[in-house]
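Peer 1: Fold the following, please.
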Amino acid sequence: MKQHTIVIIGGGTAGIMVAAQLKRADKNLDIAIVEPSDKHYYQPAWTLVGAGDFKMEDTIRKEADYIPKGVTWIKDFATALHPEKNTIATKATGDISYEYLVVAPGLVMNIEGLPGLKEGLEKGNVCSNYTDPEHTWEVLKNFKGGNAVFTQPTTPIKCGGAPQKIMYLAEDYFRKNGLRDKTNVVFATPGSVIFGVKEFARTLNSIITERDIIFKTYYSPVRIDAEKNIIYYQYSEPGQNACVVTEDNKLNEEIIGTSEIAMPYDMLHIAPPQQAPDFIRHSSIVHTEGNNKGWVNVDINTLQNPDFPNVFALGDVAALPTAKTGAAIRKQAPVVADNLLHMITSNNLGAKKYEGYSSCPLITGYGKMVLAEFKYNNVRDSDKLLSTFFDTTKELWPMWILKKYGLPYLYWNQMLRGKM
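Peer 2: Numbering: from 1, shown residues only. Predicted structure coming up:
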């Protein structure tokens, strides 16, 4: 059986960052990363790929180039966790034992979780930046008018703002290409607001009004009829026992029964339902009930599992009341690394705490972006230096430049190298 002091499951943003920061602190640490893929993806740029403003190949690099020096790369799939025995199982390598475990495998797309989605994605007018942003760009270019519907599931998703980012870009694309007058741009969400942080919501609500975007709240997608080009929603407004559609009904929605709405589409962009990988969901380190069911149970400040003190989790797989983003990981990784270093030397946790920071670079059109930064309880948490020079609650061209050029550079050259 292979043995390592620290085993990290996942070689994505979270796993690489923790490994790099640990190695920078102590180059002699015995660390292994379990990661099956030989490619590393910069997924935040996929929104721009879907809008034809970034090349897909520029979001992909070799995983081997970012495994920190001195870290053992076990190129394999984790298949089960046995925290009571301090071991994990893998597909080909067998069991691996650890003194400390970092769980960071990300999440997976549950395409089967929404009936009809698989069939829809195989057609020419249903797309998702989460699975194939290049196809999104093809759908956008081929669109000739009608209902352009953008929506998201009831499950937690990575980068909760992404479904509306591509909506804003598509709306801008339609204007630039003479399609706007013949297009209904629809954003339908299971939620009740466009964004949870009021300072940024004010700007987004103004944009929606000014650009005549149809905003539907309490719309939870339940199935897709790919043959008829119809998406069905469960209407779930609290206290309402019947759903309604607007009086003019220019979308040609149809009420089914008392709580379901059929919406025809000519283009549909959707974030698929998402969940933790199976080997995580079937383990003993997850929540077993409530909204966090199936996600790794951790203290929201220390990122330590309450049942197994030598197990930590971060990134998309962790049950944390904040957005699942790379920006969140940038603040989580130093906490996990610090805690591990203290656990190894003194069996105590370090002083660093994660306060829920996350960021959503809300692209609102070509050349425009609102930089939404926040922490737990939807409290604005904007960078003090940036806020000195810019009002980041507004649409700004410099924030677009940061998104397209600055953030990718920082990701590849600073974050993954353990320097920030």
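
Peer 1: hang on, residue 134 packs against residue 49?
Peer 2: Yes. The pair residue 134 and residue 49 passes the contact test of Cβ atoms under 8 Å, sitting 6.3 Å apart. From N, CA and C alone the C-beta is placed, and that goes for glycine too.

Peer 1: Give me the common contacts of the two.
Peer 2: Taking Cβ atoms under 8 Å, 6 or more residues apart in numbering as the contact criterion, the residues that touch both residue 134 and residue 49 are residue 56.

Peer 1: Which of these two has more residues huddled nearby?
Peer 2: A direct count of neighbours by other Cβ atoms under 10 Å for residue 134 and residue 49 places residue 49 higher, at 23 against 15.

Peer 1: Which residue is the nearest non-sequential neighbour of that one?
Peer 2: Taking Cβ to Cβ, 6 or more residues apart in numbering, and ignoring the residues beside it in sequence, residue 49 has residue 133 as its nearest neighbour in space, at 3.8 Å.

Peer 1: Residue 221 against residue 236, yeah?
Peer 2: No. With the criterion set as Cβ under 8 Å, residue 221 and residue 236 do not qualify as a contacting pair; they are 11.2 Å apart.

Peer 1: who touches both of the two?
Peer 2: Between them, residue 221 and residue 236 have residue 190 as joint contacts when contacts are counted by Cβ under 8 Å, 6+ apart.

Peer 1: which one of these two has more residues nearby?
Peer 2: When neighbours are counted by other Cβ under 10 Å, residue 221 comes out ahead of the other of residue 221 and residue 236, with 26 against 15.

Peer 1: Which strand residues bridge that one?
Peer 2: Beta-bridge partners of residue 221, counted by DSSP bridges, are residue 233.

Peer 1: what separates it from residue 260, distance-wise?
Peer 2: Counting by Cβ to Cβ, to the nearest Å, the gap from residue 221 to residue 260 is 11 Å.

Peer 1: Also residue 198?
Peer 2: Separation of residue 198 from residue 260 (Cβ to Cβ): 31 Å.

Peer 1: Comparing the two, which residue is more hemmed in?
Peer 2: Under the neighbour definition other Cβ under 10 Å, residue 198 and residue 260 were set side by side, and residue 260 has more, 16 against 13.

Peer 1: Okay, that one and residue 317: tell me how far apart.
Peer 2: Taking Cβ to Cβ as the criterion, residue 260 is separated from residue 317 by 32 Å.

Peer 1: residues touching residue 47, list them.
Peer 2: For residue 47, the contacting residues are 129, 133, 162, 165, 166, 169, 363, by Cβ under 8 Å, 6+ apart.

Peer 1: Filter the residues you listed down to the buried ones, PyMOL style.
Peer 2: With 16 or more other Cβ atoms under 10 Å as the burial test, the buried ones among the contacts of residue 47 are selected in PyMOL as follows:
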select buried, resi 129+133+162+165+166+169+363
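
Peer 1: Which two among the contacts of residue 47 are spaced furthest apart?
Peer 2: 133 and 363 (13.1 Å; Cβ to Cβ).

Peer 1: List the contacts of the closest residue in space to residue 368 that isn't next to it in sequence.
Peer 2: Of all residues beyond its chain neighbours, the one nearest residue 368 is residue 395 (4.2 Å), with distances taken as Cβ to Cβ, 6+ apart. When the contact criterion is Cβ under 8 Å, 6+ apart, the partners of residue 395 are 203, 207, 364, 365, 368, 369, 370.

Peer 1: Now render the contacts of residue 47 as a markdown table, adding distance to residue 333.
Peer 2: Converted to a markdown table, those look like this (distance: Cβ to Cβ, whole Å):
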| residue | distance to residue 333 |
| --- | --- |
| 129 | 25 |
| 133 | 26 |
| 162 | 21 |
| 165 | 24 |
| 166 | 28 |
| 169 | 30 |
| 363 | 25 |
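
Peer 1: List the ones among the contacts of residue 47 that fall in strands.
Peer 2: Using DSSP state E, the subset of these located in strands is residue 363.

Peer 1: In helices, which of the contacts of residue 47 fall?
Peer 2: Secondary structure from DSSP state H places 133, 162, 165, 166, 169 of the contacts of residue 47 in helices.

Peer 1: Looking at these, which one is closest to residue 154?
Peer 2: Proximity of those to residue 154, judged by Cβ to Cβ, is greatest for residue 162, which lies at 15.8 Å.

Peer 1: so what's the residue positioned nearest the centre of the chain closest to, chain neighbours aside?
Peer 2: With distances taken as Cα atoms, centre = their mean, residue 158 lies nearest the centre of the chain, 1.5 Å away. Of all residues not flanking residue 158 in the chain, residue 324 sits nearest, at 4.5 Å (Cβ to Cβ, 6+ apart).

Peer 1: go on, residue 113?
Peer 2: On the basis of Cβ to Cβ, 6+ apart, the spatially nearest residue to residue 113 that is not a chain neighbour turns out to be residue 273, at 3.4 Å.

Peer 1: Can you report how many residues neighbour that neighbour?
Peer 2: 20.

Peer 1: How about residue 388?
Peer 2: In terms of burial, residue 388 registers 7 neighbours under the definition other Cβ under 10 Å.

Peer 1: and what of residue 306?
Peer 2: Residues near residue 306, counting by other Cβ under 10 Å, number 11.

Peer 1: again, but for the one 4 residues further on
Peer 2: Other residues lying near residue 310 total 16 when counted by other Cβ under 10 Å.
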